[in-house]
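turn this into a structure:
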Amino acid sequence: MNDDTIAQHCTKLGSATNRGELAREIAAIALSYSPTDLKKMRWNFSGSLQGTSPEYRRRLEEMITGHLHGTYQALLLAHRQGTYAHQKAPLHPDAGRYWTMVATQCSHGNDEQIRLRFLKFLLAAFCMFVQDLPAHPVGMPFPGGDTVASVDGVYYCPVREKANDVDAALCPFCPALQTPEMGYLRPPINPSKQRKQEYLRQCHDFHHFNG
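Predicted coordinates for the structure are as follows:
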């Protein structure tokens, strides 16, 4: 698989009109990869963590390894069961822009590098645009101790709006919200629908999710 092939795939993926169609297109490509490719991705990721503390590196490696394999298996199972065969839910408006970004990010490097890079973007797209899940798994740690969290079905990420200047960042397309600054707001426990809406409104009014 080379950059021209990936560009063609991205054009087709970007033309999907609903979640079911996108899921089927992603599966057709991603399931041509093997578990060995997932291992290569893990090794590459581990190599990028050199210089971090051993404990942080261990936690992050475990989290990302589980996330990659879990997403791949979820995609495989959904494909086999035809889960998205009749799914007509609309895609997020930014889905098309996402595939334009992916084509650009996979236009440089050797064939093996861009092939694995493309798989990362395929699995992330399945999470974000089909499953409506954050690109990074709940519990994923970031430097400083913050993690991706889920509160009453709403996802929060401490770097959601802090990586928009990174061309390859998944953050601008992620359904997670920016984690509010600590000390001001506490998420409600077993909230009513009204209380949940009030909490989200307060988060927006007081923090604007600008970090």
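
tell me the SS of the closest residue to Ala78 other than its chain neighbours?
Excluding its sequence neighbours, the residue lying closest to Ala78 (CB to CB, 6 or more residues apart in numbering) is Tyr84, at 5.9 Å. Every C-beta, even on glycine, is put in place using the N, C-alpha and C of the backbone. For Tyr84, the assignment made with DSSP: H, G, I helix; E, B strand; the rest coil gives coil.

I'd assumed Pro175 was in contact with Val154.
No. When contacts are counted by CB atoms under 8 Å, Val154 is not listed as touching Pro175 (9.4 Å).

quick revisit: tell me the contacts of the residue nearest to Ala78?
Applying CB atoms under 8 Å, 6 or more residues apart in numbering to Tyr84 gives the contacts Arg19, Gly20, Ala23, Arg24, Ala78, Val130.

please report phi then psi for it.
Main-chain dihedrals, Tyr84, degrees, to the nearest 10: phi -100, psi 20.

state the distance from it to Leu77.
From Tyr84 across to Leu77, the span is 11 Å (CB to CB, to the nearest Å).

if we can go back for a sec, overlap in contacts, Val154 and Pro175.
In contact with both Val154 and Pro175: no residue, using CB under 8 Å, 6+ apart.

right, and the helix or strand after the helix or strand that contains Ala103?
Using DSSP states H and E, Ala103 sits within helix 95-105. Using DSSP H and E, the helix or strand that follows helix 95-105 in sequence is helix 111-125.
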